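J.: What shape does this take:
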Amino acid sequence: MRINCSSRSVRTLLLSSLIIAAASWAIPSHAQGTTPQLLNISTRAFIRPDENVLIGGFIISGTVPKRVIIRAVGPSLNNFGLPRFLPDPVLELMDASGAVIATNDDWMEASNADEIRATTIAPSNDLESALLVTLAPGQGYTAIVRDFFDGEIGHALVEVYDLNESAAALLANISSRALVDIGDSILIGGFILRGGSGSGDVVVRAIGFSLGQAGVTSPLDDPTLELRNANGALVAANDDWQDTDEAGIRQTGLAPTDELESAIAISLPAGNYTALVAGFEGMAGIGLVEVYNLR
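T.: Numbering: from 1, shown residues only. Here you go, the predicted structure:
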């Protein structure tokens, strides 16, 4: 399924999934000679009850703790042409063991709301959620977004920002899982590569059918994947990972386990990028978009 980049849906997603790109805050640069690193994942999806929540995962590699801010955005998506937004998103953060380590509903009620505001990327709506936390390296974390009222549905955005750019601790892998449908309800993952003077090697994957092995009852059987730059131009596309650059993808050790899943192995200069996951010929189901930093 090729997505029409001239449509309102894609123009909107390039704005709403990369809100950070339009923000007026600066990310400090790496020293010259290093390669770009992942600093942000920003994923938009349509949330429904039960397993159709929005789940953002990330891994912190390295040896020192990392300071991050995680946001759950809903009502302010109306400013980007998405009137059917999640009205009151709630954010929950779990560690690798599945234990809940932080929660927030309405960021201004957080005990560190002043610190969140000082980052300059506090949510613009009082009903949206945010967590400003320092996390231990060497493990994965999961952010879950649902509505305060379980029956509510609508578009929402989950975002993870690296506030402490350091080679001693990195966002090595970022991913998001949600319901993939048609039109405005495809799965949209934005990410930012910053710093360095060269290109960063990444693998972007769209996973569907194999999620059934993890207990997902309605996985996306045949996900397609597109990668676009900040201008909306198509950088790469794949449907069925073995059909393009099979050898290169296998060499990374990150080949999908199902032949109908999609993957792109690519070197990218610093910049803002958007990965779009849709179902082949309009299929629907739970999908996963992942970005791995191979630096």
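J.: can you give me the helices in the chain?
T.: Taking DSSP state H as the test, the helices found in the chain are 8-16, 19-22, 113-118, 246-252.
J.: Quickly, which of the ones you listed bottoms out on average pLDDT?
T.: The stretch with the lowest mean pLDDT among those is helix 19-22, at a mean of 34.
J.: low pLDDT regions in the stretch 101-250 of the chain?
T.: Scanning the stretch 101-250 of the chain with the threshold set as pLDDT under 70 gives 167, 196-197.
J.: can we see that at 50?
T.: Applying pLDDT under 50 to the stretch 101-250 of the chain flags no residue at all.
J.: all strands of the stretch 51-200 of the chain, in order?
T.: Listed in chain order, the strands of the stretch 51-200 of the chain (DSSP state E, counting those that start in this stretch) span residues 54-62, 66-73, 89-94, 100-105, 129-135, 139-147, 154-162, 169-180, 187-194, 199-207.
J.: CSV please, covering these and showing mean neighbour count.
T.: To be clear about C-beta, it is placed using only N, CA and C from the backbone, and glycine gets the same treatment. CSV is the format used below for those (neighbours: other Cβ atoms under 10 Å):
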stretch, mean neighbour count
strand 54-62, 21
strand 66-73, 24
strand 89-94, 23
strand 100-105, 16
strand 129-135, 21
strand 139-147, 20
strand 154-162, 26
strand 169-180, 24
strand 187-194, 27
strand 199-207, 22
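J.: Residue 45 is nearest to which of those?
T.: With distances scored as Cβ to Cβ, the stretch of the strands of the stretch 51-200 of the chain nearest to residue 45 is strand 169-180 (3.3 Å).
J.: tilt between the closest one and strand 139-147?
T.: Interaxial angle, strand 169-180 versus strand 139-147 (axes from the mean of the first three to the mean of the last three Cα atoms, to 10 degrees): 40 degrees.
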